[in-house]
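**Student:** what's the 3D shape of this:
(chains A and B, ligands or ions: 2)
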Amino acid sequence: MILVLVETDASGAVEVSREALTFARDLSSAGGGVPVDAVVVGPVPPGLREQLEAYAVRTVHKADGEGFAAFSGAAWAAAVQAAREAAGSVVVTAAGTPRGNEVLAHVAARLGVAMAANVLSFGGLSPFVVTRQVVGGAALEEMRLDERPAVFTVAGHAVEASPAPSPGPADVVECRPMLSEADLVARVVSTDEPEPDLSGSLKSARVVVGAGRGAGSADGFADLLELTDLLGASLGVSRVVTSLGWRPHHEQVGQTGSRISPDLYIPCGISGAIQHWAGCATAKNILAINTDPDAPMVTKATHAVIGDLHEVVPAINAEIRRRRGA
Amino acid sequence: MTDVLVCIKRVVDSTGEVVLTDDGQAVDGRYAGFTTSNHEECAVELAVQVAGATGGQASVLTLGDADAVEQLRSALAVGCTAATHVEADPARFGPADVAREIAAVVRDHEAAGHPHDLVLLGNDAADSGDFQVGIRLAYELGWPVVNGVATVRVEDAPDGQSVVASGDGPEGHETYRVPLPAVVTVLEGGVEPRYPTVPGRMKAKKVAIEQRTPTAEPIGPKRVRLLLPPPAPSNVQVLGKGADAAPAVVDLLEQLGVLAR
Ligand SMILES: Cc1cc2nc3c(=O)[nH]c(=O)nc-3n(C[C@H](O)[C@H](O)[C@H](O)COP(=O)(O)OP(=O)(O)OC[C@H]3O[C@@H](n4cnc5c(N)ncnc54)[C@H](O)[C@@H]3O)c2cc1C
Ligand SMILES: Nc1ncnc2c1ncn2[C@@H]1O[C@H](COP(=O)(O)O)[C@@H](O)[C@H]1O
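**Tutor:** Residues are numbered from 1 along each chain as shown, chains lettered A, B, ... in the order given. Ligands and ions are numbered 1, 2, ... in the order given. Presented below is the predicted three-dimensional model:
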């Protein structure tokens, strides 16, 4: 019995939750086909049941009502616990989102068992060993989860979300946990509209010109901006650049910035630290411009020019203008 | 007057190449050096701001080896005024162990007439990334916990102090208001950590650090071993050096069809 906490938005189960459902189904197959249940907290968006049926979920435990009108990690954990008791789950999992990690940490603390965050894969079932991301993805940890339930979250993109080969009908059952006053003390009291997403064009751009510490200063961007303009591209930068105040935060690419997947990324003067790479790993082509031939960005790129960006980029701009006859 | 305790972890600086120790149980910091995570630097800054705004005090705590005193001194240099060092090998302590040891310090301080009103931690440690010490600590203490927020302030209410904390959630910017005592875990981005001043560093050197040993044998992190992800083979095609490479670059741009005006 595997229980998956499924997060939803207006369109149904969010992608990372569908990935967690896929992970759970793989685990179920390895364990002889034990059923996979889902727990959903808060209002159920239309179409969610059909969507979960496509993922061969047996039972959807639905916790809705006053106690869940505003988010509280402890209240959500109480719902997961109640669903687990109803389903007899020996595995409790969720997507490794901020909410998923938070709620399952509450569940693990309440049950007095371990929790593994950001799991990528599982090895043996007895003992149950998982491999998870640590050090921001720069290293992996093999960890034993001996207690039951085994509690873990699934790292984003560890598996691809894919519906089950044989979908089945899912029951929807009400889940009514007893909420104590303590479960509701730390809950959201207000939610403001999200800031307008200024990074929109960056995330969907076909071409992104990247700039890192190699730009040298806030005044070192003129050639890079000209190249961006010539290519109709967007500018993306490293955290060093935003931390130093050279460019605004919404231009940052990486673990704590935007994730981009353009046809071409042109990182100039960016070393390629793992946290930056996390944001651009899915670019189809990468043309690195760097003085250091051994920089990780260069060795991971598809193409590279070794040299000072302040010489290389103006030469590229001039060549583009020349070929355009301007 | 709010008394804040902030918990920080000495970790290997992982912005460069990550190397593991021979036994595969920890990240090797001999070459890379040590630091604390950005989340925790922001937690320290918030602790100092809350203490300053309320006329209270900010204390700092770490569980780590003897060298972790360096990270305590850094926090003292930016405005914390007391420090506790639980000396232990952090690789042998899992998140439940660390939470239990922090709770023991909080209880002992309270028993000694120095209660903490607010405990701040990072959302996740930069090395082990367990995402749970703060939440486990809250259950140890029986306190409420707010997780993953970027700003924290304390307000006086008729029925006592409460912490107002906010951060980004899936539907927008979320605010929590919770009576003290409470635990709050911090994500970077809401405040700019200050740099230590020279007088700050001098003052930090003089603070006597409370030295403790763990209260119980650790259960451990359930770690089998650490691994490095397999290195991806390099397939890079070097188009040239310096400005001379420009024609080859523009050929590539044409080939990829990204040069259309
Ligand atoms: C928790 C956490 C989250 C993080 N999140 C992010 C994130 O989202 N995004 C991000 O980018 N970083 C992030 N970082 C920071 C990351 O670890 C690196 O510090 C950062 O990406 C480095 O930026 P950089 O490549 O510009 O600078 P550096 O690492 O200093 O590299 C500069 C590069 O420029 C080259 N260079 C120098 N001069 C020139 C020149 N004139 N011409 C050409 N090349 C030149 C150098 O050879 C070097 O390769 C995060 C770190 C942590 C700990
Ligand atoms: N050894 C430690 N000493 C002090 N604080 C710690 C220690 N380990 C973790 N923490 C705190 O707990 C937070 C979350 O850690 P974790 O749950 O391990 O990801 C960290 O950001 C720190 O603030």
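**Student:** The worst-scoring helix or strand of chain A on mean pLDDT and ligand 1, are they touching?
**Tutor:** Using mean pLDDT, DSSP states H and E, helix A:200-204 stands out as the lowest-scoring helix or strand of chain A, at a mean of 82. No. Applying Cβ under 6 Å from any ligand atom, one finds helix A:200-204 separated from ligand 1 by no less than 12.6 Å. Heads up, the C-betas are built off the backbone N, CA and C, glycines and all.
**Student:** Does anything pack onto that helix? Which helices or strands?
**Tutor:** The helices and strands touching helix A:200-204, judged by 3 or more Cβ pairs under 8 Å, 6 or more residues apart in numbering or on different chains; DSSP states H and E, are strand A:234-237.
**Student:** List of residues touching the strand it packs on?
**Tutor:** A:201-202, A:205, A:207-212, A:221, A:224-225, A:228, A:246-247, A:251-253, A:257-258, A:260, A:265, A:279-280 (Cβ atoms under 8 Å, 6 or more residues apart in numbering or on different chains).
**Student:** count of residues packed around the closest residue to B:Ala126 other than its chain neighbours?
**Tutor:** Nearest non-adjacent residue to B:Ala126, counting by Cβ to Cβ, 6 or more residues apart in numbering or on different chains: B:Ser37, 3.7 Å away. Neighbours of B:Ser37 under the rule other Cβ atoms under 10 Å in any protein chain shown: 22.
**Student:** and B:Ser37, what does it touch?
**Tutor:** B:Lys9, B:Val11, B:Gly122, B:Asp124, B:Ala125, B:Ala126, B:Glu188.
**Student:** and which of these is nearest to ligand 1?
**Tutor:** The shortest approach to ligand 1 among the contacts of B:Ser37 belongs to B:Ala126, at 5.9 Å (Cβ to the nearest ligand atom).
**Student:** Checking my notes, the closest one in a helix, right?
**Tutor:** No. Under DSSP: H, G, I helix; E, B strand; the rest coil, B:Ala126 sits outside any helix and is assigned coil.
**Student:** what number of residues lie near it?
**Tutor:** 23.
**Student:** So it is in contact with A:Gly136, correct?
**Tutor:** Yes. Using Cβ atoms under 8 Å, B:Ala126 is in contact with A:Gly136, at 6.8 Å.
**Student:** before we move on, the earlier item: contacts for whatever helix or strand comes next after the least confident helix or strand of chain A, please.
**Tutor:** Counting by DSSP states H and E, the element after helix A:200-204 in chain order, helix or strand, is strand A:207-211. Under the criterion Cβ under 8 Å, 6+ apart, residues A:202, A:221, A:224, A:227-228, A:231-238, A:241, A:247, A:253, A:260, A:262-270, A:280, A:283, B:258 lie in contact with strand A:207-211.
**Student:** Burial check on A:Leu225, number of neighbours?
**Tutor:** With other Cβ under 10 Å as criterion, A:Leu225 counts 14.
**Student:** any idea how far A:Thr291 is from it?
**Tutor:** Applying Cβ to Cβ, to the nearest Å, the value for A:Leu225 to A:Thr291 is 20 Å.
**Student:** quick revisit: check what pLDDT the residue nearest to B:Ala126 gets.
**Tutor:** Predicted confidence (pLDDT) for B:Ser37: 93.
**Student:** for B:Ala66, same thing?
**Tutor:** On the pLDDT scale, B:Ala66 gets 97.
**Student:** In contact with it, which residues are there?
**Tutor:** Shown in contact with B:Ala66 (Cβ under 8 Å, 6+ apart): B:Glu87.
**Student:** Return the backbone torsion pair for it.
**Tutor:** phi -60, psi -40 (degrees, to the nearest 10).
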